[in-house]
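*Asks:* let's see this in three dimensions:
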Amino acid sequence: MSAIRACSPRVIRPRLSIRYQVLRRFESTASPSPAQSYRNLPPPPPPSFAKRNRWPIIWSGLALSLGLATGNFFNDLVAPQDLPAPGSPEDQQLLANLNAKLDDEFKVKVYRGKCLGVTKQLKGEAGGWVEIVPAPIEDQRIADDGLIDHMQGGKYLGVERIFWDRDEQRLIAIVWLGGALSGWPGVTHGGVLATVLTEKFALAAALAEGKNHSFSKAAIPQRMPGTGSHAKAYAPMSSPEEPAHLSLTYKKPAKTNNFYVIRVSPHYSEEGDDSDKLAPHKLRGGSEYEAILETLDAKTCILAKARFAPSSTAQKVEAKVIGGAQKGYSEFKEWMWPSRQKNSQI
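*Replies:* Below is the predicted model of the structure:
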């Protein structure tokens with residue numbers, strides 16, 4: 001220490017108050033220094049197991065959740081839960097929901113509007129669209145041998161709506177394919193689809209031949225088409241005959257538990273049409289129909305064609321006459337012209 005500082009007069013030093021000196025002396029004796037306080041702190045506790053393994057636990061949980069979701073999905077896909085048995089209360093509730101959903105479908109409302117026959121009524125003409133409805137239960141003449149009668153229930157072919165155009169001989173059916181009709185999980189069996197199309201072919205042929213004459217005239221025109229009573233007709237009383245030949249072309253799988261549209265119309269062979277080559281043998285007489293099975297958004301699933309054998313005596317006689325005339329003309333051409341013209345297309 002220098003002599004100047006030691007000899008510095010006391011008057012030039014700052015004069016501290018007694019309160020400040022007391023507080024400083026109390027702090028120096030009561031509280032330790034920050035460094036000393038830090039050294040006296042207890043060591044922190046070790047981190048818990050969750051903190052030390054936080055990310056492994058998160059990734060393991062995500063992997064487990066994904067595995068459970070995937071397993072349940074494939075379990076329901078391969079072995080779905082049992083659907084309610086036909087006739088059970090659960091099945092009745094399911095059918096009620098399906099009927100309500102089908103009645104609210106846009107296509108059903110459109111065709112029921114056509115069944116009103118507003119234009120026909122205004123022109124005073126008969127004909128037009130009718131809805132084919134099941135026969136009343138009290139009518140014992142109706143044989144319950146239809147496909148729907150044998151496959152009742154929401155898990156089969158529980159509900160459908162059928163419309164028939166009396167002018168152009170066209171049939172429109174909106175059908176339900178239940179979950180129990182699958183051949184592969186989630187996909188309707190091809191044989192079931194063929195059976196459904198066969199029944200619709202036979203129904204169209206029976207209606208076209210006039211086997212059912214219980215058509216009702218169109219109702220009085222309504223302001224909103226489809227809100228009133230529309231033209232209806234009972235299904236044929238006898239079981240329609242199945243087609244003699246049926247050809248199917250599967251375009252797209254038809255999934256179960258969905259509504260589908262079936263369109264059946266007469267087939268008119270055009271010149272140069274090779275459709276007859278699909279048949280193993282050509283039937284003379286009868287009628288031919290073509291059908292399309294499609295989704296509600298008009299995506300084609302199946303193209304079908306059916307040929308019916310002659311049903312009436314007049315058709316059979318006409319077929320024999322045409323066949324005999326063609327055979328006689330072939331024999332006459334073979335005898336009349338030389339061999340170089342034998343294979344001509346005359």
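
*Asks:* quick one: secondary structure of Ala173?
*Replies:* Assigned with DSSP: H, G, I helix; E, B strand; the rest coil, Ala173 falls in the strand class.

*Asks:* not counting its neighbours along the chain, what's nearest it?
*Replies:* Counting by C-beta to C-beta, 6 or more residues apart in numbering, the nearest residue to Ala173 once its immediate chain neighbours are dropped is Ile262, at 4.3 Å. C-beta here means a position set from N, CA and C on the backbone, and glycine is covered the same way.

*Asks:* ok, now how distant is the one you found from Ile58?
*Replies:* Computed as C-beta to C-beta, to the nearest Å, the Ile262 to Ile58 distance reads 53 Å.

*Asks:* more crowded one of the two?
*Replies:* Each of Ile262 and Ile58 has its neighbours counted (other C-beta atoms under 10 Å); Ile262 has more, 25 against 10.

*Asks:* hang on, the earlier thing: secondary structure element for the residue nearest to Ala173?
*Replies:* Here Ile262, judged by DSSP states H and E, is contained in strand 258-266.

*Asks:* can you give me the helices in the chain?
*Replies:* For the chain, applying DSSP state H gives helices covering 3-6, 18-30, 34-40, 49-52, 54-78, 89-103, 106-115, 118-123, 147-150, 190-208, 313-336.

*Asks:* list the buried ones in stretch 152-160?
*Replies:* Under the neighbour-count criterion of 16 or more other C-beta atoms under 10 Å, stretch 152-160 has Gln152, Gly153, Gly154, Lys155, Tyr156, Leu157, Gly158, Val159, Glu160 buried.

*Asks:* could you identify the most distant pair in those residues?
*Replies:* Lys155 and Glu160 (14.6 Å; C-beta to C-beta).

*Asks:* pLDDT value on Gly154, please?
*Replies:* pLDDT recorded at Gly154 is 83.

*Asks:* for the one 5 residues further on, same thing?
*Replies:* pLDDT recorded at Val159 is 90.

*Asks:* now it: how far from Leu177?
*Replies:* 11 Å.

*Asks:* what does Asp104 give?
*Replies:* 19 Å.

*Asks:* can you check His150 too?
*Replies:* 15 Å.

*Asks:* the two: which is more packed in?
*Replies:* The neighbour comparison of His150 against Leu177 (other C-beta under 10 Å) goes to Leu177, with 24 against 10.

*Asks:* quick check: closest non-adjacent residue to the more buried one.
*Replies:* Thr188 (5.0 Å).

*Asks:* burial of that neighbour, as a residue count?
*Replies:* With other C-beta under 10 Å as criterion, Thr188 counts 24.

*Asks:* cool, and Glu209?
*Replies:* For Glu209, the tally of surrounding residues (other C-beta under 10 Å) stands at 17.

*Asks:* so what pLDDT did it get?
*Replies:* So Glu209 comes in at 80 (pLDDT).

*Asks:* and Thr256, what does it touch?
*Replies:* Residues in contact with Thr256 (C-beta atoms under 8 Å, 6 or more residues apart in numbering) are Leu177, Gly178, Gly179, Leu181, Ser182, Gly186, Val187, Thr188.

*Asks:* where does this structure have low pLDDT?
*Replies:* 1-16, 26-41, 75-81, 117-127, 135-149, 211-229, 238-240, 269-286, 311-346 (pLDDT under 70).

*Asks:* okay, now the domains of it?
*Replies:* Domains of the chain are assigned by automatic domain parsing as 89-311, 314-346.

*Asks:* spatially nearest residue to Asp91 (excluding sequence neighbours)?
*Replies:* Pro84 (4.1 Å).

*Asks:* burial of Pro89, as a residue count?
*Replies:* 8.

*Asks:* for it, give its distance to Leu157.
*Replies:* In terms of C-beta to C-beta, Pro89 sits 20 Å off from Leu157.

*Asks:* Ser182 too?
*Replies:* Distance, Ser182 to Leu157, using C-beta to C-beta: 13 Å.

*Asks:* so Tyr289 bridges to which residues?
*Replies:* Pro266, Ala306 (DSSP bridges).

*Asks:* who does the nearest residue to Ile302 once chain neighbours are set aside form a beta bridge with?
*Replies:* Once flanking residues are discounted, Ile302 sits nearest to Leu293: 4.1 Å by C-beta to C-beta, 6+ apart. Bridge pairing for Leu293 (DSSP bridges) gives the partners Ile262, Ile302.

*Asks:* so what's Leu293 up against?
*Replies:* Leu293 touches Leu193, Val196, Leu197, Ala254, Tyr260, Val261, Ile262, Thr300, Cys301, Ile302, Ala304, counting by C-beta under 8 Å, 6+ apart.

*Asks:* just the buried members of these?
*Replies:* Among those, those buried by neighbour count (16+ other C-beta under 10 Å) are Leu193, Val196, Leu197, Ala254, Tyr260, Val261, Ile262, Cys301, Ile302, Ala304.

*Asks:* wait, which of these is closest to Ser247?
*Replies:* For these, the nearest to Ser247 is Ala304 (6.9 Å; C-beta to C-beta).

*Asks:* setting aside sequence neighbours, what's the nearest residue to Ala298?
*Replies:* Nearest non-adjacent residue to Ala298, counting by C-beta to C-beta, 6+ apart: Val261, 7.9 Å away.
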